[in-house]
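Peer 1: I would like the atomic coordinates for the input below:
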Amino acid sequence: MIKNVIKRIFLVLSVVFAFTALATQSEVNELELRISYTGSKDSPITIKTQYCKGTTLKCGKQIKIAPNGVVIFRANYINDKYDGLVRSYYTNGNIKESREYIEGKETNTRTLYYENGKIESSQMYVDNKREGEGKKYYESGKLKEQFFYKNDMREGIRQEFDKYEKLTFETMYKQGKKQWIKQYDTKGNVINETSCRWNPCY
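Peer 2: Numbering: from 1, shown residues only. Next up is the predicted model:
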């Protein structure tokens with residue numbers, strides 16, 4: 001009886017794998033790989049893109065390859081729109097930027113990196129708009145700025161720090177407009193405060 005059960009399991013798995021293989025082959029047949037080049041003739045960047053067969057719509061993977069053979073860009077398309085992770089890289093192979101899309105709309109966290117691998121900045125996105133907390137960093141990895149967005153406009157307090165992580169400025173925003181600015185000394189004392197309602201703030 002156990003043998004019969006095992007045989008049935010193998011039979012079901014075989015059918016599943018067969019259908020998966022057919023579906024994958026069908027997807028491949030519907031795609032058309034095109035290769036193009038950009039940059040100088042002496043050291044061109046190679047672009048490999050999958051299109052919906054017989055159209056100009058990007059419908060699969062795209063990669064860009066630097067002259068030294070390193071992949072410097074990876075993306076996936078559905079009906080000519082980004083879908084999934086979109087990443088770019090430095091020519092040494094280290095990641096440069098990471099974004100995420102759902103049917104052409106950016107979502108989740110966009111992250112930029114320094115060439116040494118440390119994070120340069122990060123920002124949340126919802127439906128192609130900046131939303132929520134964002135941060136910028138020095139190349140050392142220490143926090144440089146902290147801010148917030150609501151519906152793609154700055155909202156709340158933006159804080160700026162020096163290379164020793166000491167607070168230097170605070171700027172209050174409301175619907176993208178500055179309300180006031182405070183400047184701090186190295187001991188954390190306010191040394192200048194400006195209301196942006198009555199004075200120009202830069």
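Peer 1: for the rest of this, base every contact and every neighbour count on C-alpha atoms.
Peer 2: Noted.
Peer 1: how many other residues sit next to residue 145?
Peer 2: Residue 145 has 20 neighbours, counted by other CA atoms under 10 Å.
Peer 1: sorry, that was for residue 193
Peer 2: Going by other CA under 10 Å, the residues that sit close to residue 193 add up to 14.
Peer 1: give me the secondary structure label for residue 197.
Peer 2: Here residue 197 is recorded as coil under DSSP: H, G, I helix; E, B strand; the rest coil.
Peer 1: isn't it up against residue 179?
Peer 2: Yes: here residue 197 reaches residue 179: they are 6.3 Å apart, a contact under CA atoms under 8 Å.
Peer 1: and those two? which has more neighbours close in?
Peer 2: More crowded of residue 197 and residue 179, by other CA under 10 Å: residue 179, with 19 against 11.
Peer 1: confidence score at that one?
Peer 2: Residue 179 is assigned a predicted lDDT (pLDDT) of 95.
Peer 1: also the one 3 residues further on?
Peer 2: With respect to pLDDT, residue 182 has a value of 96.
Peer 1: so it, which state does it fall into?
Peer 2: Going by three-state DSSP: residue 182 is strand.
Peer 1: shouldn't it be in contact with residue 159?
Peer 2: No: judged on CA under 8 Å, residue 182 makes no contact with residue 159 at a distance of 9.7 Å.
Peer 1: more crowded one of the two?
Peer 2: Higher neighbour count among residue 182 and residue 159: residue 159, with 20 against 17, using other CA under 10 Å.
Peer 1: surely the more buried one meets residue 145?
Peer 2: Yes: using CA under 8 Å, residue 159 is in contact with residue 145, at 5.5 Å.
Peer 1: now do stretch 109-120: distance to the chain's middle.
Peer 2: Its chain's average C-alpha position is 10 Å from that of stretch 109-120, according to CA atoms, centre = their mean, to the nearest Å.
Peer 1: show me what that stretch is in contact with.
Peer 2: Stretch 109-120 has contacts (CA atoms under 8 Å, 6 or more residues apart in numbering) with 90, 94-100, 121-125, 136-141.
Peer 1: so what's residue 49 closest to, chain neighbours aside?
Peer 2: Distances taken as CA to CA, 6 or more residues apart in numbering place residue 62 nearest to residue 49, at 4.3 Å, with adjacent residues excluded.
Peer 1: what bridges to the one you found?
Peer 2: Taking DSSP bridges as the rule, residue 62 bridges to residue 49, residue 75.
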